[in-house]
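> Give me a model of this one.
(chains A and B, ligands or ions: 2)
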Amino acid sequence: MYRWILCWRYLRTRYIALASVVSVMLGVATLVIVNAVMDGFTAEMQQRMHGILSDVIIESRSAHGLENYRHHVERIRRIVGDDLVGITSLVHVPAMVSIDHRGETITRQINLIGIDVDSYADVSDFSKYLLHPENQQRISFLLKESGYAPARAHFPESGWEYRRKKAAAEKQLRQLREQYEREQQRNAMLREAIDQPPPPTVASETSPESMQFGLEPTTSRGLSLPSLPTALTVNDSGEVESSSEPHSSPVRPVAASSEQQPSPEHSTVDTLTPRVDAVATLASDQARVFDAEFQQHEGVVLGISIASTRYRDAAGQVTDYYYARPGDDVMITFPSAGNSPRAINERFTVVDFYESKMSEYDATFAFVPLEKLQRYRGMSADAVTSIQLRLREGADLDAVRDTLRRAFPLETMVQVSTWRDLQGPLLAAVQMETTILNILLFLIIAVAGFGILATFFMIVIEKTKDIGILKSLGASGPGVASIFLGYGLLLGAFGAGVGAVAGLAFVARINSIADLLEVATGQEVFDPTVYYFDSIPTLVEPMTVVWVVVGAIGIAVLASVLPAMRAARMHPVKALRYE
Amino acid sequence: MSELATQIRPRRRQGEPAHAADIALQPTEPLAAPSADVLLEARNITKSYRRNRLEVPVLRDCSFSARTGEITAIVGQSGSGKSTLLHLLGTLDIPDSGEIYFDGRRIDNLSRRQRDRFRNQKLGMIFQFYHLLPEITAYQNVLLPMMIQAGFWGYLKNRTAFRQRAQQLLQRVGLEHRLHHRPSELSGGEMQRAAIARALIASPQILLADEPTGNLDQQTGKRILDLLNDLNENDGLTIVMVTHDESIAAQCHSAVVLSNGTTRRP
Ligand SMILES: Nc1ncnc2c1ncn2[C@@H]1O[C@H](COP(=O)(O)OP(=O)(O)OP(=O)(O)O)[C@@H](O)[C@H]1O
Ligand SMILES: [Mg+2]
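Ligands and ions are numbered 1, 2, ... in the order given. Here you go, the predicted model:
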């Protein structure tokens, strides 16, 4: 009894000891915050990875892929049984995308993924991450009229609206150029006629600059003048939104004449009647027949970071700059199937962007329809490179993986893995980071423990006489020791409790605090150009908080063990002589 | 515990059966026949302190006895070892050689725990500097021995009885109006009264007092001495009192002089 009374009294009268637990408090608060943020990041990341990767992935390493995949799918259905919620087949190839932007070609390395439009959404969160609301319902790989990314500020004009303007502008340019060529030719002929003697050599038929536009000067036999292509480049690079002025400017008849071209049904194809055959896909006659104003190539969904970059503008605003947007055409280069792959170049029209906010995926994934990719690559229509499974919530992924591994031995060049296996190194790295942070922060609390130790030693020495008195009254050594142990416990509990509450309060308001700090210091605390999250994700694991609190109290009690032992061993007579 | 509350007198004259067993005093030696009514006895004890490898002998072959129901005074010069002897008698320290008997049982070789319990239950001690705990009130100070004795639950169970007894004792020493004062808010005499009440709460058989008036003016000291005399006369409390005041010693039933490490009759 006396222990608790004294303990309590000491707590009430020795505020210096409270100062020594401030560091415990801060340590606990920091631990709670760091764990909440790290767990938040991890959970967010895992959720995204999991969403994309589905649960179990069966991949073929063979150049031909998994042949006769429908048979395999049936087999997997039988093996996995009730746990299976969704299954889809994909073709995965490494590829390169070339984006024409302001006369320059930007190339990016990507993962080209052929997806089965009907089943892919059952397995992966793919559609959730698309920008167009209709595509989020169901992806069609057809360019929409407009309405991309309604929630995004400053998303450039995209879709057919943009494509038509751009195509019209390009057509105009081409005609201007042809006109110019003709003028040149005529000039040359006139000069020829005037100068009489014909030139001994003929200039090269096509200049490299004109190649850049894929525009074949129809019957150019004339001199290629350097001034012309430069002018064209400048024209081309002008934002196409502003190309409405050429519409109203002198070359209006050209645009009008293009509307008279014999493709009236094409102009409505895009939104009203999404007929796939309206899409010009045959590479052979494409060059001749294809009209970008009314036709699209095969659709591709690009990861948003492939075609954009995020930066901070002069005013400090986070802005995205787009190299391409829905409505633009890109060139994708990928290997053909078989044992001696060739590079295949294919033009695609960007029909949407994909934004999972996992930078790795956003910067490398490009999706096209499965059957098209199979055909372009020269694969048979029933060969895929991988099969993804989504399992029932709570199913044992590892068990399913192991049974599937027995069904697909390694000799068949097939690899079965769970999403965790695939993202193992990343998850392990994050895990390790969390662990190290925890250790470091616990070291802070341990340092606080030494503070408690020193303070308690001082209190024990200060209380030498009282310890002697208690012993003269018959208090035992352990009894006296327990005063100080209890004292440590109370202080630790107080510090850890206050720290945990403060930490949780901080976590609950972490984003407003970050904003506040930003205003106060002018320094961006949470930089959205670095992270793809708009706000700091947090997740409070109650068990973590409990462990942190228990650990901090444990350290406080441990720190009071030595002073308590010293108090217990103190000789009563010496203690009483102490004046 | 209720008789505890009403009965301050823990006296037990010789002839009464020794109930020392209830505090587990186990004699390790056969009873050495004590003098008829001697309650506390030291036989041929030596005690020396070690200071930098140098042995400083304080007590040499020193014997002492206190009879039941008497006030025994120990006088001697400062530094003669009076406090040392008293601490040995009160089992706060262990003699280098020699034996100490309480009620016919040897107490100097008891285990630490047994000595703790002996001090708590059989012995009251008061000091020159009162030695009250500064953090708690006079009342709580008085209750301390009972808290130590009864433990957490035992104390909670019997706290009404304990409180009643503490109040009675504080009344007895004339401190009923200072119950809830901290030691720092009390005068020296009041602190010593509180210390006496604390020493008596566990109904000890003997009170060891180390210069109880040493720090008080003559009048206050006299009142403390009167209180002790009163306790001795009316409640039969055995008292061993260290003092360097010969006149005080002269009023006691018996007195010994401590010099050169041994005792002699004055
Ligand atoms: N812990 C110790 N270490 C060394 N010497 C000690 C120690 N305690 C006491 N002494 C010495 O023992 C001797 C006796 O001390 P003690 O306190 O018993 O004397 P005293 O008679 O009570 O004196 P006073 O009347 O001043 O209280 C002193 O000379 C003292 O210096
Ligand atoms: Mg002394």
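> shaky segments in chain A?
Residues of chain A meeting the criterion pLDDT under 70: A:197-289, A:527-533, A:578-579.
> Also chain B?
In chain B, residues with pLDDT under 70: B:1-36.
> ok, and does the top helix by length along it reach over to chain A?
Longest helix in chain B by number of residues (criterion: DSSP state H): helix B:138-172. Yes. Among the residues of helix B:138-172, B:140, B:144-145, B:147-152, B:155-156 lie within reach of chain A under CB under 8 Å from any CB of the partner chain. (Glycine included, C-beta is placed from N, CA and C.)
> wait, which of those residues is closest to A:Glu541?
A:Glu541 lies nearest to B:Phe152 out of these, by CB to CB, at 35.9 Å.
> you'd agree that closest one is up against A:Met1?
Yes. Assessed by CB atoms under 8 Å, B:Phe152 is found in contact with A:Met1 at 5.1 Å.
> For those two, indicate the residue with more neighbours.
Ranked by neighbour count (other CB atoms under 10 Å in any protein chain shown), B:Phe152 and A:Met1 place A:Met1 first, with 20 against 12.
> give me every residue that touches that one.
Going by CB atoms under 8 Å, 6 or more residues apart in numbering or on different chains, A:Met1 touches B:147, B:150-152, B:155-156.
> Buried ones from the residues you listed, can you make that a ChimeraX selection?
Of the contacts of A:Met1, the buried ones go into a single ChimeraX selection, burial set by 16 or more other CB atoms under 10 Å in any protein chain shown:
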select /B:147,150,155
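> Looking at the contacts of A:Met1, which one is closest to ligand 1?
Of all the contacts of A:Met1, the one with the least separation from ligand 1 (CB to the nearest ligand atom) is B:Met147, at 29.0 Å.
> in the stretch 351-500 of chain A, which spans are strands?
A:365-369, A:383-384, A:386-391, A:414-418 (DSSP state E, counting those that start in this stretch).
> May I have the strands that pair with the first one, each with its orientation?
Pointing back at strand A:365-369 there. Paired neighbours of strand A:365-369 in the sheet (DSSP bridges): strand A:104-115 (parallel), strand A:298-303 (antiparallel).
> now swap in the second one and tell me
Strand A:383-384 pairs in its sheet with strand A:66-67 (antiparallel), by DSSP bridges.
> What helices and strands are in contact with the one helix or strand A:His50 maps to?
With secondary structure defined by DSSP states H and E, A:His50 is part of helix A:15-53. On a contact count with 3 or more CB pairs under 8 Å, 6 or more residues apart in numbering or on different chains; DSSP states H and E, helix A:15-53 meets helix A:419-422, helix A:424-462, helix A:477-508, helix A:510-521, helix A:542-569.
> where do the helices sit along the stretch 101-250 of chain B?
B:112-122, B:138-172, B:188-200, B:218-235, B:246-251 (DSSP state H, counting those that start in this stretch).
> Please compute how far the longest one lies from its chain's middle.
Looking back up the chat, that one is helix B:138-172. 18 Å (CA atoms, centre = their mean, to the nearest Å).
> buried sites along it?
Quick answer for helix B:138-172 (16+ other CB under 10 Å): B:138-150, B:155, B:158-159, B:161-162, B:165-167, B:169-170, B:172.
> which bits of chain B sit near chain A?
B:83, B:87, B:90, B:92-93, B:112-113, B:116-121, B:125, B:127, B:129, B:131-136, B:140, B:144-145, B:147-152, B:155-156, B:198.
> Pull out the buried residues from the helix holding A:His50.
Those would be A:17, A:20-21, A:23-42, A:44-46, A:48-53, for helix A:15-53 by 16+ other CB under 10 Å.
> for the residue nearest to B:Ala42 when sequence neighbours are not counted, what are its contacts?
Among residues not flanking B:Ala42 along the chain, B:Phe64 sits closest, at 4.3 Å (CB to CB, 6 or more residues apart in numbering or on different chains). Applying CB under 8 Å, 6+ apart to B:Phe64 gives the contacts B:41-42, B:74, B:85, B:89, B:256, B:263.
> Only whichever of these are buried, select them in PyMOL.
In PyMOL, this line selects whichever of those come out buried by 16+ other CB under 10 Å:
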select buried, chain B and resi 41+42+74+85+89+256+263
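> Check the contacts of B:Phe64 and tell me the two furthest apart.
Largest separation among those by CB to CB: B:Glu41 and B:Ile74, giving 13.5 Å.
> How about the residues of the stretch 151-266 of chain B by ligand 1?
B:His244 (CB under 6 Å from any ligand atom).
> A:Phe141 is nearest to which of the helices of the stretch 101-250 of chain B?
helix B:138-172 (76.7 Å).
> between the closest one and helix B:218-235, how big is the angle?
Interaxial angle, helix B:138-172 versus helix B:218-235 (axes from the mean of the first three to the mean of the last three CA atoms, to 10 degrees): 70 degrees.
> Can you classify the nearest residue to B:Glu55 once chain neighbours are set aside as helix, strand or coil?
Distances taken as CB to CB, 6+ apart place B:Ser48 nearest to B:Glu55, at 4.9 Å, with adjacent residues excluded. What DSSP: H, G, I helix; E, B strand; the rest coil gives for B:Ser48 is strand.
> Any idea what B:Ser48 is bridged to?
According to DSSP bridges, beta-bridge pairing links B:Ser48 with B:Pro57.
> still on that earlier bit, out of the contacts of A:Met1, flag the one nearest to A:Met379.
Using CB to CB, the contacts of A:Met1 come closest to A:Met379 at B:Phe152, 80.6 Å.
> The closest one: what's it in contact with?
For B:Phe152, the contact set (CB under 8 Å, 6+ apart) comprises A:1, A:4.
> what's the answer for B:Asp93, then?
Contacts of B:Asp93 (CB under 8 Å, 6+ apart): A:571-573, B:47, B:84, B:87.
> Those also near ligand 1: which ones?
Restricting the contacts of B:Asp93 to those near ligand 1 by CB under 6 Å from any ligand atom leaves B:Thr84.
> Right, I'll call it a day here.
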